[in-house]
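Peer 1: predicted structure and sequence below. I'll ask about it afterward.
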Amino acid sequence: MPLIFILSDSLGETAELVVRAALSQFNSHSAKIRRIPFVTEPGHVEEVLKEAEGKNCILAYTFVLPELRKALAEGATRLGIRAVDIMGPVLAALEEVMPGPPQLKPGLVHRLDEEYFDRMEAIEFAVRYDNGNDPRGLHWADVVLIGVSRTSKTPLSLYLAHQKVRAANLPLILGVAPPEELFELPPEKIIGLTISPEKLAEIRQERLRTMGLEANADYASPSRIEKEVAYAAEIMARLGCRVLDVTNMAVEEIATKIMQLIKKGENL
């Protein structure tokens, strides 16, 4: 039975997939595959070459580092071992058309995969714990956004999720006590969103108009809004959390400030 060594400076999954796809084209496609991941120096390559010498085998490799590709190619030629460079020709072709040189860092594709799944998890989290759904999620969040209605809590949570931040948000409703879980959180985990009553009235009136409702409804009345904003300020003071004034700020601007707060731990 032929032996196929798969060498990689990362996990070696890419090379194995290519090898197995090629093997499937043979009626008798049984072969022993031995994957050797995290090959990081020419000395390690030499050890594999010695083991492969004299065997009915192939060396398939995906090295992004030129010195490893060179060491294996020269060693295989010297010992008469068949070798297939899976990554090198593709990198060389891409260098001719891409605007910059390759980074030559092993394992980048897996880091991209991890980033993708982390982002998807954060998005699912934001949706699941949006608008105070299931207060238990507050404990699991990276950041908790609180504020009265129409302070951009939901779009902010989703925007932050795309930065792999698990954000939960909770509306502060006049006359409704927040869940106890909120008061169990460390203050630095909570960000209060406040807004001027005048700006909030404009936003709510426009919201009512787009919904085909009367713009002078109680939801958008200045007197009610002032009470709501005052109530929210009282809750935020009790929590001792940091407060961000979002008046006349776009979602992107607010999210940037929140990300800075998360990364640097600075006061707003």
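Peer 2: Looks like it arrived, so ask away.
Peer 1: residues in contact with the nearest residue to residue 37 once chain neighbours are set aside?
Peer 2: Distances taken as CB to CB, 6 or more residues apart in numbering put residue 12 closest to residue 37, at 4.6 Å, once the chain neighbours are dropped. Any C-beta I mention is one placed from the backbone N, CA and C, and that applies to glycine too. Residue 12 makes contacts with 6, 35, 36, 37, 62, as judged by CB atoms under 8 Å, 6 or more residues apart in numbering.
Peer 1: isn't residue 129 right next to residue 169, touching?
Peer 2: Yes. Residue 129 lies in contact with residue 169 (CB atoms under 8 Å); the separation is 7.5 Å.
Peer 1: okay, these two: which has more neighbours?
Peer 2: residue 169 (29 against 23; other CB atoms under 10 Å).
Peer 1: now do the SS call for the more buried one.
Peer 2: strand (DSSP: H, G, I helix; E, B strand; the rest coil).
Peer 1: please give me every residue in contact with it.
Peer 2: Taking CB under 8 Å, 6+ apart, one finds 126, 129, 130, 131, 132, 144, 145, 146, 153, 154, 156, 157 in contact with residue 169.
Peer 1: and the third one, backbone torsions?
Peer 2: What it means is residue 130. As for residue 130, its main-chain torsions (degrees, to the nearest 10) stand at phi -80, psi 140.
Peer 1: between the host helix or strand of residue 236 and strand 167-171, how big is the angle?
Peer 2: In the assignment (DSSP states H and E), residue 236 maps to helix 222-239. With axes from the mean of the first three to the mean of the last three CA atoms, to 10 degrees defining the directions, helix 222-239 sits at 130 degrees from strand 167-171.
Peer 1: the contacts of residue 12 in strands, which ones?
Peer 2: With DSSP state E as the criterion, strands contain 6, 35, 36, 62 from among those.
Peer 1: from the residues you listed, which is closest to residue 220?
Peer 2: Nearest to residue 220 among these, counting by CB to CB, is residue 62 at 60.6 Å.
Peer 1: can you verify my assumption that the closest one contacts residue 15?
Peer 2: Yes. The criterion here is CB under 8 Å, and residue 62 meets it with residue 15 at 4.4 Å.
Peer 1: list residues touching both of these two?
Peer 2: Shared contacts of residue 62 and residue 15 (CB under 8 Å, 6+ apart): 7, 8, 86, 87.
Peer 1: put the buried members of those into a ChimeraX selection.
Peer 2: Listed next is the ChimeraX selection for buried residues among these, using 16 or more other CB atoms under 10 Å:
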select :7,8,86,87
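Peer 1: now, among the shared contacts of residue 62 and residue 15, which is nearest to residue 51?
Peer 2: residue 7 (11.2 Å).
Peer 1: quick check, residue 244 in a helix?
Peer 2: No. Using three-state DSSP, the assignment for residue 244 is strand, not a helix.
Peer 1: low-confidence ranges, the stretch 101-250 of the chain, go.
Peer 2: Scanning the stretch 101-250 of the chain for pLDDT under 70 picks out the ranges 101-114.
Peer 1: circling back to that earlier point, make TSV out of the shared contacts of residue 62 and residue 15 and add pLDDT and secondary structure.
Peer 2: What follows is the shared contacts of residue 62 and residue 15, written out as TSV (pLDDT from 0 to 100; DSSP: H, G, I helix; E, B strand; the rest coil):
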residue	pLDDT	secondary structure
7	90	strand
8	87	strand
86	87	coil
87	79	coil
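Peer 1: quick check, nearest of the shared contacts of residue 62 and residue 15 to residue 78?
Peer 2: Looking across these and measuring by CB to CB, the closest to residue 78 is residue 7, at 16.4 Å.
Peer 1: how much space separates that closest one from residue 23?
Peer 2: Distance, residue 7 to residue 23, by CB to CB, to the nearest Å: 17 Å.
Peer 1: again, but for residue 239
Peer 2: 61 Å.
Peer 1: higher neighbour count, these two?
Peer 2: Each of residue 239 and residue 23 has its neighbours counted (other CB under 10 Å); residue 239 has more, 20 against 15.
Peer 1: the more buried one reaches residue 188, doesn't it?
Peer 2: No. With contact defined as CB under 8 Å, residue 239 does not count as touching residue 188 (10.5 Å).
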